[in-house]
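J.: Following is a predicted model, sequence given first.
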Amino acid sequence: MPAMLAARLYRVLPLLAILAIIGIVVYIFMSWRYTPARAKEAVIKIFIALNGGLSILFALATLYAWIESNAFVADFFITCLATTLIMLGITFICRRNFLKHNPNYRWQLTDRAKKVPRK
């Protein structure tokens, strides 16, 4: 069983490596150009978009593989889907902690929103 789990994780390593490189490059560039807090915000937004999009893509690919009765491809895409969903959850946890420690990066009020008077 552990060998099977290791084999599944081994298939996803290129995806994890590419996402790690994207995160490192964006963070280094943004912290050099702006501030580290702005860089963290950008990395979180990019990872939410990337992982959300990849999750949808892998879910559709898994569904298509099941329709075609291709078990090996479905197994591969299920592994990729599980990985991206776990990364999406970790990104949301990081976003929550970032907003807790940096309250000035919370969502801005739009024109339609009404401000509540302070007491």
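T.: Sure, I can see it. Residues are numbered from 1 along each chain as shown.

J.: Give me the below-cutoff pLDDT ranges for the protein.
T.: The chain contains residues with pLDDT under 70 at 1-3, 5, 106-119.

J.: Where do the helices of it begin and end?
T.: 2-33, 36-67, 71-101 (DSSP state H).

J.: I'd like those as JSON lines, with mean neighbour count appended.
T.: (C-beta placed from N, C-alpha, C; glycine too.) Output for the helices of the chain, formatted as JSON lines (neighbours: other CB atoms under 10 Å):
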{"stretch": "helix 2-33", "mean neighbour count": "12"}
{"stretch": "helix 36-67", "mean neighbour count": "16"}
{"stretch": "helix 71-101", "mean neighbour count": "15"}
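
J.: Please state the backbone phi and psi of residue 68?
T.: phi -80, psi 0 (degrees, to the nearest 10).

J.: what residues are up against it?
T.: The contact partners of residue 68, by CB atoms under 8 Å, 6 or more residues apart in numbering, come to none.

J.: All further residue positions should be reported with the first residue as 891.
T.: Done: numbering now begins at 891, and the last item shifts to residue 958.

J.: any idea how far residue 949 is from it?
T.: Distance, residue 958 to residue 949, using CB to CB, to the nearest Å: 15 Å.

J.: Would you confirm that residue 970 contacts residue 904?
T.: No. Taking contacts as CB atoms under 8 Å, residue 970 lies outside contact range of residue 904: 10.4 Å.
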